[in-house]
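Chemist: Here is my input, please return the structure:
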Amino acid sequence: MPKKIDHDARRKAIAKAAVTVIGVNGIDNTRLIDVAREAKATTGSITHYFEGKDAVMLAALDHVAQKILHLQRGAEGTMSDATDLIELSTLALPLDEDGQRDWRVWLSFFSRAVGDPSLARINNAYYDEFRAGLATAICALQKAGKVLPRVDPIVTADSIITAVDGLGVRAALDPARWPAERQKQQLHAMLSPLLPTH
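Modeler: Got it, this is the predicted structure:
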């Protein structure tokens, strides 16, 4: 019998390999052959699943974004107070080697999105999802009496994203001065005033 191939798993494996390669080389210096080597595949098998390098790069971006969205969705309905929401937000920071790599990938796409309207639209769509998830969590905390009603969920969600982005960039570019514990402390200091309980 011919071997059964899980095509979704293969696409994910290629995207994950691309994240690893981009995290080391950057987008401009990433070649399909490098991704193929990391994925233990051939360039022919990669082009079987993706139209070309740009499609592989977008799959890498999606892999990074989906990790954050998965954490958000997994935490829905489980947060008991504002501290839980802040702790969830810290998970998007470059706290470890994997996080540093993911941020290098994200930053590579930021630089391209500035001059590429289609990539900017894709990037903005991810941010719309991040914002919606955070706003939903803030509304749930307000209903539970854990965050004051005067807090605007959308404005606050955008503020959380802005804080994470700013801190994430600094920590990704200067990891020696921004170890995980310092990142967490800084984010708590920035976000706590945004989520008043009284």
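Chemist: State which helix of the protein is the longest.
Modeler: The longest helix of the chain (DSSP state H) is helix 117-143.
Chemist: Which other helices and strands does it contact?
Modeler: Where contact means 3 or more C-beta pairs under 8 Å, 6 or more residues apart in numbering; DSSP states H and E, helix 117-143 is packed against helix 53-75, helix 82-90, helix 97-113, helix 153-173. Every C-beta, even on glycine, is put in place using the N, C-alpha and C of the backbone.
Chemist: mind listing what's buried in that helix?
Modeler: 119, 122-123, 126, 130-131, 133-138, 140-142 (16 or more other C-beta atoms under 10 Å).
Chemist: Contacts only, for the spatially most central residue of the chain.
Modeler: Taking C-alpha atoms, centre = their mean, the centroid of the chain lies closest to residue 65, which sits 3.9 Å from it. Contact partners of residue 65, counting by C-beta atoms under 8 Å, 6 or more residues apart in numbering, are 126, 129.
Chemist: where's it relative to residue 130, distance?
Modeler: 8 Å (C-beta to C-beta, to the nearest Å).
Chemist: again, but for residue 172
Modeler: Using C-beta to C-beta, residue 172 is found at 17 Å from residue 130.
Chemist: what does residue 46 give?
Modeler: Counting by C-beta to C-beta - residue 46 and residue 130 are separated by 29 Å.
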